[in-house]
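Sharing a model that was predicted from the sequence below.
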Amino acid sequence: MSSIAISLALAMGQLVASNDMPIVLTQCVSTAGSQHWTKGSLPRNLPPTPSAFQLALSGGSFGCPTPKVGSAANCCVNVDAWGVKKGDTIWATHCSDQEEPTKETNRVWVMTATNKLMNPASGFCLDAPGGTNATPGTPAVLSDCDSPTASSWVFESADGSVSQTSHSGGYPGLCLAATDGPPPPPPPPSLPSNVSVALTVYPNSSFAHTSATMASFNFDWHENAEETPVWINMSAMLIDLQSPMLLKAVRAIAPAVLRIGGSEGDVLCYDVPEYGSTCAQMNQTDPMMCLQMSKYAELVNFTSSTGLLLVFGLNAVWGRKSHSLNNPLDMTNIDALLQYTAAHNLPIHGFELGNEKCGPPPSLFAKDYHNVHALLVKYWPDKESRPLLIGNDCNTNPSYLTEFLPLVADILDVTTYHHYVGYGLDPHIAEEIMTPAFLDKTVSSQLNDVHRKYAPDTELWVGEAAAAWHSGAAGVTNRFTSSFWWADALGSLAAANHSTYCRQTLLGGNYGLLNRSTYEPNPDYYIARVFHEVMGDVVLQPPSGSFPGVGYLRPYMHCARAGDGVALLLVNVAPNTSFVLTIADSEGALFEYDEYIFTAKSLDSQIVALNGIDLVVKDGELPGLPPVPVTGLNHIYMPPHSIAFFVLKGLPSSACATISLH
């Protein structure tokens, strides 16, 4: 069976648009420049393939965001590995706007013998929802390739159209075309200014389990030139690990996992002459992609001295011949790093292999994992002291994990995946975050089912996540807006038995928990701190109720981390509605509770207030996060656009009475 590798590209004559463009289905029109495609070359970092080409859009006033230095002034239809899942729309982005060269395959498609356009990086096919009955304007999406309804396509070289093969004629049916961008989300429903809620709680029902490291975070290896200026001096190579503010911030939130990885982790090589493997031998000449053992030890010492647990991502690409994911992985460089780690007694919590690698055949990647496991057993014979084996760090791709997990379930300690709900260049990302529909996308029930079926004895982590990929969105994912997604994600994923949630990032991009320049906290940091201090490991069944605005008020309940009682997390994304909550069947009983209510003057504020007091760093010291003790009330009050934690001290809970206190 022959196939044709394709990268769909849009060659622009003039850059006019400020955001990337979704690809949609439109009525085929001979004069529409937005649907006329011509052949172009493959992405720059892929080996030449005689039958491979790009489809370039000629004509029309379409464009991508302002390109980085060195980027081409054209666009490619790009399936990014950040949170790719069935049903995702297909976007056009810069052909050279890649944060890392190993992801060039995200823009490569394969035209199969049955005329389906498959993206090998994700394992999905380009599809028209509704098939031949699709409505013009419907976004093209990712779909299972083996679905009998998956669309077939034909490239008509005569007129440059990519259309559904089921149509006939000169300009048949629906064609692929570029558009200016998605519409904004619908406005929130009209709700009363005050809503009374009788909340049914389940304090005796242990529903799920999480851990003290649920609120965790990442360092990345991004170089200064990546999406300037958001990664300048933000690589794990360059972050000031002696910064007093950084040290205070991480010690205050420990224990937590610090995962060091990211896309360049599959470019980074290890200079370990002590054990016979160097960057030069790996043909890695970029000093920023060559990890000296002195820097490695510095990173390990940073985590061990601050109470963090280090998870290190190993390079799953550079040891393969021609860097092809279809070739076996030479373990020489990895072996040297692991041997050095063990010999020098460096405390590592766990190792991953690869970053968002869904491309290697599952059987091949499983063999790589077994080889890493053999090295871990060799250098750490005692299982109690052995670093965890964590993987495969792919995006939200249940179909890949269905094949991969059964092959590694006996050696894997943690199943982990990446999940970004939104897109940093989406012009409506700020409005979307504040909708129940956006927040509901955090939990992948299909992925959870795959984990339960094939690797139930492993922990379940999210290894990398933020409200939006593409380094986040300035003024959104580093402001109070993001805190609503972050708090809800911590609550919803803990209720889905996730034990660790690694936020992208601690520092770097537009989504860091800390400010890039000052290392002082952004709003989401304080949410993580209180979640860590208040919400215990035993997750109770989420409270429920029927009231106007269901979905806009989002409740989660745990056993309290310290002391008696239960901890209640409430997220109110309603812009103009306050909720007054009572506990159903409590017969008006008075409560004693501690409250932590987060608000801000605006959603785009960098300053968040706790119980009405702005949280700001003074004289180099982090603000305290004391609760307000409340007694003699029979209700809880939630103002509009607020996030709150309540520790209910008088609510009996048999599920919490049997646990040891932390």
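Happy to help now that I have it.

Kindly list the longest helix within the chain.
For the chain, the helix with the greatest residue count under DSSP state H is helix 362-379.

Who are the packing partners of that one?
In terms of contacts (3 or more CB pairs under 8 Å, 6 or more residues apart in numbering; DSSP states H and E), helix 362-379 is packed against helix 332-343, strand 350-353, strand 388-395, helix 398-408. Glycine gets a C-beta too; all of them are placed from N, C-alpha and C.

What strands line up against the third one, and which way round?
Within its sheet, and counting by DSSP bridges, strand 388-395 is paired with strand 350-353 (parallel), strand 414-418 (parallel).

out of the ones you listed, nearest to Val571?
When these are compared by CB to CB, strand 414-418 sits nearest Val571, at 22.7 Å.

List the neighbours of that closest one that are in contact with it.
With contact meaning CB atoms under 8 Å, 6 or more residues apart in numbering, strand 414-418 is reached by 81-83, 350, 352, 356, 388-397, 401, 405, 447, 451, 455, 458-465, 500.

what angle sits between that strand and helix 398-408?
In terms of direction (axes from the mean of the first three to the mean of the last three CA atoms, to 10 degrees), strand 414-418 departs from helix 398-408 by 160 degrees.

Could I get the CA-only coordinates of strand 414-418 as PDB?
Only the C-alpha atoms of strand 414-418 are listed here, as PDB (Å, rounded to 0.1, in the frame of the first residue of the first chain):
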ATOM      1  CA  VAL A 414       3.000   6.200  36.800                       C
ATOM      2  CA  THR A 415       0.800   6.800  33.700                       C
ATOM      3  CA  THR A 416       1.100  10.400  32.600                       C
ATOM      4  CA  TYR A 417      -0.200  12.500  29.800                       C
ATOM      5  CA  HIS A 418      -0.300  16.200  28.800                       C
END
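
what about the longest helix of the chain, average pLDDT?
For helix 362-379, the mean per-residue pLDDT is 97.

what's the angle between it and helix 398-408?
Going by the same axes, to 10 degrees, helix 362-379 makes 40 degrees with helix 398-408.

Could you tell me which ranges of the stretch 501-650 of the chain sit under the pLDDT cut-off?
Along the stretch 501-650 of the chain, the parts satisfying pLDDT under 70 run over 587-588.

residue boundaries of the strands in it?
Secondary structure of the stretch 501-650 of the chain (DSSP state E, counting those that start in this stretch): strands at 535-544, 553-560, 566-572, 578-583, 591-599, 609-610, 613-614, 628-633, 636-638, 642-648.

Just put these in CSV and tack on distance to Pro139.
Shown next, in CSV, are those (distance: least, CB to CB, whole Å):
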stretch, distance to Pro139
strand 535-544, 32
strand 553-560, 27
strand 566-572, 28
strand 578-583, 35
strand 591-599, 35
strand 609-610, 39
strand 613-614, 41
strand 628-633, 46
strand 636-638, 35
strand 642-648, 32
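
Save those strands as CSV, and put in distance to Thr303 and mean neighbour count too.
Formatted as CSV, the strands of the stretch 501-650 of the chain follow (distance: least, CB to CB, whole Å; neighbours: other CB atoms under 10 Å):
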stretch, distance to Thr303, mean neighbour count
strand 535-544, 22, 21
strand 553-560, 26, 25
strand 566-572, 27, 26
strand 578-583, 40, 20
strand 591-599, 28, 20
strand 609-610, 28, 20
strand 613-614, 31, 12
strand 628-633, 34, 12
strand 636-638, 37, 20
strand 642-648, 27, 24
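
Looking at those, which is nearest to Ala249?
Closest approach to Ala249 among these is made by strand 609-610 (16.1 Å; CB to CB).
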